[in-house]
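In: need a structure here:
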Amino acid sequence: MKNVETLIIGGGPAGLCAALSAAEMGCQVLVVERDGALGGQLVKQTHMFFGSEKQYASTRGIDIGKLLLEKIDQAPNIEVWKNTTVVGMYEDRIVTLEKEGTYLKVAPQSIVVATGASEKSIPFPNNDLPGIYGAGAVQTLMNVYGVKPGDNVLMVGAGNIGLIVSYQLMQSGINVKAIVEGSPKIGGYLVHASKIRRLGIPIYTKYTVKEARGKDSLESATIWQLDDHWRPIPGTEIDLDVDVMCIAVGLSPLSELLWQAGCEMKYLAALGGYVPVRNSEMMTSVQGLFIAGDVAGIEEASSAMVEGYLAGLSAAEYTGKHSERLMALKKDYMSQLEALRAGPEGTRIRQGISEATVATTATAATTA
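Out: Modelled structure (predicted):
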């Protein structure tokens with residue numbers, strides 16, 4: 001049995017920031033990551049971030065990841081276990097893990113779950129053909145391994161991910177034949193859509209995939225238009241010769257551990273699905289269990305990092321750590337989140353967060 005003050009589950013942007021925040025408060029921190037490398041989505045994001053200087057605005061995701069990893073390496077009170085999968089979380093706050101074939105138990109005083117999200121898909125005939133990927137898989141192939149996924153791509157989804165990955169594909173010399181979006185308008189930022197338009201890529205709104213075709217792998221696909229009730233309109237079919245279809249229709253929070261831990265959960269479409277009820281300091285209904293990043297609700301990576309800092313700070317406070325800057329830091333992180341969610345684009349997120357948040361309760365260890 002390993003005793004730790006704060007356990008961080010997930011080594012992506014939210015988890016790394018949570019670890020740094022808790023460590024700066026004086027906590028002994030253990031970060032566990034199921035993959036062989038830290039960084040999560042940052043390792044494949046070559047685009048520049050929005051936000052403010054505090055969220056590394058105008059810095060590429062891959063470079064943000066390097067900056068965070070340097071800080072992790074320099075922190076003497078942060079221990080990292082890679083290739084480690086959390087198997088279970090129990091009522092007595094014991095966490096069981098599998099690390100390279102070894103079964104382990106950890107007893108943390110506080111926990112931050114930052115497990116991220118999984119990609120959604122859509123049903124259509126032959127949607128399991130080789131050559132049909134999630135957008136994250138295409139980013140991994142190109143930006144991490146330098147592998148060209150194909151020659152001609154159909155992008156499904158015009159949110160930020162779909163638009164950004166389409167642009168990255170074109171930068172790599174891969175032809176994006178079209179982008180289809182089921183909604184009446186694109187879901188991503190106009191700055192991304194404008195770059196796509198300038199490259200001459202058609203964006204078909206109110207369209208979806210009718211079917212994919214191919215013998216051993218994807219060879220072509222048919223899209224068709226949707227009416228105001230999301231029903232396909234026969235006679236509007238468009239055939240496209242493509243060898244890659246990239247699905248970018250959203251993410252679902254990876255919340256299985258939170259269900260197992262007994263957290264109160266709530267379905268909120270605005271946040272991507274079932275998310276845990278939390279207070280303003282990111283603590284769930286289970287005392288000492290905090291959340292950050294996409295598992296708390298699907299947002300941009302900038303918000304995930306700020307949530308990580310806030311959750312790590314709160315988790316450290318729960319173990320009894322204190323600092324003269326504690327309240328000021330909390331206020332600053334909450335202010336940053338409010339700014340990131342401002343404007344008409346953030347209306348849906350603000351509503352979802354409001355419905356998922358309950359009145360703040362004390363996070364000190366004396367409440368456990």
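In: buried residues of stretch 21-34, list them for me.
Out: Within stretch 21-34, the residues scored as buried using 16 or more other Cβ atoms under 10 Å are 21-25, 27-34. For every residue, glycine as well, the C-beta is placed using N, CA and C.
In: so which of the residues you listed sit within strands?
Out: The members of these that map onto strands under DSSP state E are 29-32.
In: neighbouring contacts of stretch 209-217?
Out: Defining contact as Cβ atoms under 8 Å, 6 or more residues apart in numbering, one finds that stretch 209-217 is touched by 122, 124-127, 129-132, 154, 156, 180, 218-224, 232, 237, 243, 245.
In: hang on, the earlier thing: would CSV of the buried residues of stretch 21-34 with pLDDT and distance to residue 356 be doable?
Out: Below are the buried residues of stretch 21-34 laid out as CSV (pLDDT from 0 to 100; distance: Cβ to Cβ, whole Å):
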residue, pLDDT, distance to residue 356
21, 96, 21
22, 97, 23
23, 97, 27
24, 95, 27
25, 95, 25
27, 97, 26
28, 97, 30
29, 98, 26
30, 98, 27
31, 98, 25
32, 97, 25
33, 96, 26
34, 94, 25
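In: same list (the residues you listed) but as a markdown table, adding distance to residue 75.
Out: Converted to a markdown table, the buried residues of stretch 21-34 look like this (distance: Cβ to Cβ, whole Å):
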| residue | distance to residue 75 |
| --- | --- |
| 21 | 11 |
| 22 | 10 |
| 23 | 5 |
| 24 | 8 |
| 25 | 12 |
| 27 | 10 |
| 28 | 10 |
| 29 | 8 |
| 30 | 12 |
| 31 | 10 |
| 32 | 16 |
| 33 | 15 |
| 34 | 21 |
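In: tell me which of the residues you listed is nearest to residue 86?
Out: Nearest to residue 86 among the buried residues of stretch 21-34 is residue 32, at 6.4 Å by Cβ to Cβ.
In: next up, the contacts around that closest one.
Out: Residue 32 makes contact with 7-11, 80-81, 84, 86, 97, according to Cβ under 8 Å, 6+ apart.
In: now stretch 190-203, how far from the centre of its chain.
Out: Distance of stretch 190-203 from the chain centroid (Cα atoms, centre = their mean, to the nearest Å) equals 24 Å.
In: of the contacts of residue 32, which is the most crowded?
Out: residue 8 (35 neighbours; other Cβ atoms under 10 Å).
In: any idea how far residue 101 is from the residue nearest to residue 271 when sequence neighbours are not counted?
Out: Using Cβ to Cβ, 6 or more residues apart in numbering and skipping the chain neighbours, the partner closest in space to residue 271 is residue 297 (3.3 Å). According to Cβ to Cβ, to the nearest Å, residue 297 stands 34 Å off from residue 101.
In: residue 150 contacts residue 245, doesn't it?
Out: No - taking contacts as Cβ atoms under 8 Å, residue 150 lies outside contact range of residue 245: 9.2 Å.
In: overlap in contacts of these two?
Out: Listed as contacting both residue 150 and residue 245 by Cβ under 8 Å, 6+ apart are residue 131.
In: re earlier: from the ones in strands among the buried residues of stretch 21-34, pick the one nearest residue 59.
Out: For those, the nearest to residue 59 is residue 31 (22.1 Å; Cβ to Cβ).
In: now the closest one: how far from residue 138?
Out: Using Cβ to Cβ, we find residue 31 at a distance of 27 Å from residue 138.
In: residue 208 should be in a helix, yeah?
Out: No - under DSSP: H, G, I helix; E, B strand; the rest coil, residue 208 falls outside any helix and is assigned strand.
In: ok, the residue nearest to it when sequence neighbours are not counted - contacts?
Out: Using Cβ to Cβ, 6+ apart and skipping the chain neighbours, the partner closest in space to residue 208 is residue 182 (5.0 Å). Listed by Cβ under 8 Å, 6+ apart, the contact partners of residue 182 are 206-208, 226, 230, 249.
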